[in-house]
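K.L.:
Make a model of this:
(one chain, ligands or ions: 2)
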Amino acid sequence: MDKNEYKELKKQLLSTKKNGYDSLSQADRGAMEDYCAGYRRFLDAGRTERLCAAEAVRMAEERGYRPYAPGMDVKPGDKLYHCNRGKAVMLAHIGRKPLSEGIQLAAAHIDSPRLDLKPNPLYEDSELAYFKTHYYGGIRKYQWVTMPLALHGVVILKDGTRVTVRIGEEEGEPRLVITDLLPHLGQEQGKKPLATAIPGETLNLLVGSRPIGGEEESGRVKLAVMKLLNEKYGIVEDDLSSAELEAVPAIKACDIGLDRSMIGAYGHDDRVCAYAALKALLDLEETPVKTAVCILADKEEIGSDGVTGMQSAAFDTFIEDLCAAQGTALRSCFARSFCLSADVTAAYDPNYPDVFEKRNESQLNHGIGLCKYTGARGKSGASDADAETVAYVRRLFDEAGVIWQISELGKVDAGGGGTVAMYMANRNITTLDAGVPVLSMHAPFETVGKLDCYETYKGMKAVFQARA
Ligand code: MN
Ligand code: MN
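P.N.:
Numbering: from 1, shown residues only. Ligands and ions are numbered 1, 2, ... in the order given. Below is the predicted model:
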């Protein structure tokens, strides 16, 4: 075999991992930057699941979507949405084919790891005032100390009045912080494993230090903090028991790298896929063939349980109502539907090669990552899509010119993770995991590649625009 024959054979038979920048067109480069600027704005507006849901509704209404109520007509071209308790959003662009032919779905989640305030949060110790927190989702606790934090959420008064709390977001506003030991006194702590060095009960937010009243009084700093909250929000301490207040990193999304090729931010998991799915749906110029549905779910980080999670019947109710309007049974619609479970995956990190299996890992700038299965050990907790489904998405993406890669999340038995995929698949919806590879996933500040963000958007669009 001569040299040229060998080269040709190699090209024909062997696959090559390719950096997406080698095939990204000049037009796509510009479109990618515009897309990513919009994504950064979405991140800064959507610091919590409630804020993300509100931003999604605002964007959808701007593009002609209207709230759906059972009993309404459901015709091709209709743009409908339902916001579930302010924390999850489902949107549908009704297709030319009836719902009995199935729907094309993208499901992402808008909750991210964070620190929730406990129901009885405020206390004083050694003349300093604190909020007790209870972490939400899988965090590495040591990453959350000595980091400027903002506080977002709602306090619901007994009469149902909603008070919106927003502290530490704007320029010039104060931030909150969790302190850590100084190295001089941290020798014993430094010997502990990372997972135990910062116990959950030490994640206490420092919220004040200035006392009021006479020196003979006690709890003066706590009272001073409560007085401030009362003046700003009209609440008393007991009202904090019916509140959802979330401490999140007070850091705005920004470009990363001297070449500005990446985005650093809090909450890429999974707002990077949520934005891609939402934007792709809103950008559809024509009525899709099949009904296109985007779901932005809550509670994924704690198992998708609860009334706003992906296991909730709220989703089935929404689709069932749409089906009813067209005289279709939900189960026949689901049986012919396809879902891209749009969630982030781990990007290969050359700083930590030990936990990755390089041949089967997502790489930054190699495009949207498809995962046949997620899960742990022998893939427990995975929906494990069939080969037919992977082939379907391969074809769909290739036809639409989407840059994609196929991967697993880490070495076998190195750990693992789950997504909403299994809850969609359990409904008898053909489902495949796909999403943006992330560096330092679940950290207060995560990093993604712009190319992967944009290709994920293109992938979502291809799913919504599928002909069959
Ligand atoms: Mn996720
Ligand atoms: Mn996650």
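
K.L.:
buried residues in stretch 279-289?
P.N.:
By neighbour count with 16 or more other CB atoms under 10 Å, stretch 279-289 contains the buried residues Lys279, Ala280, Leu281, Leu282, Thr287, Pro288, Val289. Where C-beta positions appear, they are placed from N, C-alpha and C, glycine not excepted.

K.L.:
What residues does the chain have near ligand 1?
P.N.:
Taking CB under 5 Å from the ion as the test, the list of the chain residues beside ligand 1 reads Asp269, Asp270, Asp343.

K.L.:
The first one: neighbouring residues, count only.
P.N.:
Applying the criterion other CB atoms under 10 Å, we find 29 residues in the vicinity of Asp269.

K.L.:
Just give me the residue closest to the centre of the chain.
P.N.:
The centre of the chain sits closest to Asp270, judged by CA atoms, centre = their mean, with a distance of 1.7 Å.

K.L.:
And the strands in the stretch 1-150 of the chain?
P.N.:
Counting by DSSP state E, counting those that start in this stretch, the stretch 1-150 of the chain forms strands over residues 66-67, 79-84, 88-93, 103-109, 114-125, 128-136, 149-156, given from the N-terminal end onward.

K.L.:
Dig out what the residue in the stretch 101-250 of the chain positioned nearest to ligand 1 forms beta bridges with.
P.N.:
Here the stretch 101-250 of the chain gets closest to ligand 1 at one residue, His109, 5.7 Å apart by CB to the ion. Here His109 shows beta-bridge partners Ala297, assigned using DSSP bridges.

K.L.:
Quick one, grab the pLDDT at it.
P.N.:
His109 is assigned 98 on the pLDDT scale.

K.L.:
That one and Asp270 touch, don't they?
P.N.:
Yes. Taking CB atoms under 8 Å as the contact criterion, His109 and Asp270 are neighbours in contact, 4.6 Å apart.

K.L.:
what touches both of the two?
P.N.:
Both His109 and Asp270 are contacted by Glu300, Asp343, under the criterion CB atoms under 8 Å, 6 or more residues apart in numbering.

K.L.:
how about the biggest helix by length in the chain: buried residues?
P.N.:
With DSSP state H setting the assignment, residue counts place helix 26-45 as the longest helix in the chain. Residues of helix 26-45 classed as buried: Asp28, Met32, Tyr35, Cys36, Tyr39, Arg40, Phe42, Leu43, Asp44 (neighbour count, 16+ other CB under 10 Å).

K.L.:
Could you export these as TSV, including pLDDT and distance to Val89?
P.N.:
Converted to TSV, the buried residues of helix 26-45 look like this (pLDDT from 0 to 100; distance: CB to CB, whole Å):
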residue	pLDDT	distance to Val89
Asp28	95	28
Met32	98	25
Tyr35	98	20
Cys36	98	22
Tyr39	98	17
Arg40	98	20
Phe42	98	13
Leu43	98	16
Asp44	98	18
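
K.L.:
Tell me which two of the residues you listed sit farthest apart.
P.N.:
Between all members of the buried residues of helix 26-45, the longest pairwise span (CB to CB) is found for Asp28 and Asp44 and amounts to 24.4 Å.

K.L.:
on that earlier part again, OK, contacts around the residue of the stretch 101-250 of the chain closest to ligand 1?
P.N.:
Contacts were defined as CB under 8 Å, 6+ apart; by that measure His109 touches Asp270, Ala274, Leu296, Ala297, Asp298, Lys299, Glu300, Glu301, Ser304, Met310, Asp343, Val420.

K.L.:
just Pro119 next, same as before
P.N.:
For Pro119, the contact set (CB under 8 Å, 6+ apart) comprises Leu240, Ser241, Ala243.

K.L.:
Next: Thr164.
P.N.:
Thr164 makes contacts with Gly153, Val154, as judged by CB under 8 Å, 6+ apart.

K.L.:
Next, work out how far apart the residue of the stretch 151-300 of the chain at minimum distance from ligand 1 and Leu322 are.
P.N.:
Proximity to ligand 1, evaluated over the stretch 151-300 of the chain using CB to the ion, is greatest for Asp270 at 3.9 Å. As defined by CB to CB, to the nearest Å, Asp270 lies at a distance of 24 Å from Leu322.

K.L.:
ends of stretch 240-256, how far apart?
P.N.:
38 Å (CA to CA, to the nearest Å).

K.L.:
for stretch 445-452, that is, sorry about that
P.N.:
For stretch 445-452, the first-to-last residue distance is 17 Å (CA to CA).
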